[in-house]
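**Student:** just need the structure, nothing else, for what follows:
(chains A and B)
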Amino acid sequence: MKTFEEKWTAWLDGRLSDRELAEFEASLPDKAAAEAEKTEVKKLGALLKRELGAQALLNEEFFNHQIREKIARESTGESRKREVEVSPWWTIRRLLWTGTASLAVFLVMAIFVMRDKNPAEQSQYLTQILNARVDPVVSPNATISMFETKEDQVTVLWTEGLQSLPADYAAK
Amino acid sequence: MQTEATLAQADVSELDLVRRCQAGDTEAFDELVTRYRTRVFGMIYNMIHSEQDAWDLAQDSFVKAWKSIKRFRGQSSFYTWIYRIVMNVTIDWARKKQIKPGGAEFDDAIQPKEIDPASKTVPKADALPYETMERSEIRARIDRAIAQLSPEHRAVILMKEIEEMQYHEIAETLGCSIGTVMSRLFYARKKLQNLLRDVYENI
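**Tutor:** Numbers count the residues shown, from 1 in each chain, chains lettered A, B, ... in the order given. Down below sits the predicted model:
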């Protein structure tokens, strides 16, 4: 206990030990005035206790009922919160699975498409003609030129000196 | 001795109720609410002087107590623990609301407890009308005087004078030192002495 306020309060409330009490009372300049104030503080305490002490709570059962309802609502809210807390994990796992499956499907499709697309890049008909050019026995003076415009998707095949084209070769 | 035994029994029973609450027993909590609702409500009402707000804050305090009851370790009494929640809730509210001395809450014109002396609803067995009016005026004076204290000073004086709590219990409830409690009590009493001297000297 250090400050005067603390000592004064403890003295008013009778919380000083014998030694502290003797020291404090010896330090008071006017003990009679201090005693008068002590009486005043007791009167003040009694007034507050009398006037403020009995504040009635009306509708006590309704008070409890409302608290029970709030607690029930809180509990429901907590359960939902827990569910929500679980679902992001579940969603992430589902997203991962969906993503992996989609990627696998995409890769499989891509492989099929590429395998299917490569042979089609050059038709069987063109292959036969190109092969025919290099056969000096069939067409010793044959020349073949090819012009291609990718933007217009047009290919022009210019042949010269071919002896014949096989009848069963048809452009696809 | 009998009183001490009864108190000890009540304490054990209270601790038992707390344990049951911690296990999720809402009926046990209902019992605790029943035990403390009047004191909690009264304490808050004396702090803020509004019946509706005191009701709401008391409810909030009990709901908060339920939510955090698992953290109650039994190192202090349950009422000290719940009072701590009550004080936190109420002082926070008072700060946010910024109740100022002479504010509308304490305006004479809107005293909800004002009783018409000529009212036919006053039971015959009750105090005489002029006595009721006098009590009502005294109460209004006290409310206005308390409203001039800061929430912290209000809490200390009410816990000491109304609840008759010890310094260490008040300190524990407010989360401050015993020295601070004594200092606040000193200034709160001085202020109320100045404001209410004529009231308590004439009773």
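**Student:** drop to CA atoms for contacts and neighbour counts, all remaining ones
**Tutor:** Will do.
**Student:** which SSE is immediately downstream of the worst-scoring helix or strand of chain A on mean pLDDT?
**Tutor:** Taking mean pLDDT, DSSP states H and E as the measure, chain A has helix A:124-133 as its least confident helix or strand, at a mean of 61. Secondary structure here is assigned by DSSP states H and E; on that basis, the next helix or strand after helix A:124-133 toward the C-terminus is strand A:143-149.
**Student:** could you spell out the sheet neighbours of that following strand, each with its direction?
**Tutor:** When pairs are called by DSSP bridges, strand A:143-149 turns out to pair with strand A:154-160 (antiparallel).
**Student:** the strand it pairs with: which residues count as buried?
**Tutor:** Neighbour-count burial for strand A:154-160 flags no residue at all (criterion: 16 or more other CA atoms under 10 Å in any protein chain shown).
**Student:** chain center to that strand: distance?
**Tutor:** Relative to the chain's own centre, strand A:154-160 is displaced by 60 Å; criterion: CA atoms, centre = their mean, to the nearest Å.
**Student:** same check, this time on stretch B:27-38
**Tutor:** The chain centre lies 16 Å from the centre of stretch B:27-38; the measure is CA atoms, centre = their mean.
**Student:** pLDDT of the strand or helix carrying B:Trp66, averaged?
**Tutor:** Mapping B:Trp66 onto the secondary structure by DSSP H and E places it in helix B:51-67. Helix B:51-67 carries an average pLDDT of 95.
**Student:** go on, stretch B:184-195?
**Tutor:** Confidence over stretch B:184-195, taken as the mean pLDDT, stands at 96.
**Student:** list the buried residues of that stretch.
**Tutor:** Applying a neighbour-count criterion of 16+ other CA under 10 Å, one finds B:Arg184, B:Leu185, B:Phe186, B:Tyr187, B:Ala188, B:Arg189, B:Lys191, B:Leu192, B:Gln193, B:Leu195 buried in stretch B:184-195.
**Student:** neighbouring contacts of the helix holding B:Trp66?
**Tutor:** A:63, A:66-67, A:70-71, B:21, B:29, B:33, B:37, B:40-41, B:44-45, B:48, B:82, B:85-86, B:89-90 (CA atoms under 8 Å, 6 or more residues apart in numbering or on different chains).
**Student:** near chain A, which residues of chain B are found?
**Tutor:** Of all the residues in chain B, those in contact range of chain A (CA under 8 Å from any CA of the partner chain) are B:26, B:30, B:33-34, B:37-38, B:41-42, B:45-46, B:59, B:62-63, B:66, B:139, B:142, B:161-162, B:179, B:182-183, B:185-186, B:189, B:192-193, B:196-197, B:200-201.
**Student:** those residues in helices, which ones?
**Tutor:** Among the residues of chain B next to chain A, the members falling in helices are B:26, B:30, B:33-34, B:37-38, B:41-42, B:45-46, B:59, B:62-63, B:66, B:139, B:142, B:161, B:179, B:182-183, B:185-186, B:189, B:192-193, B:196-197, B:200-201 (criterion: DSSP state H).
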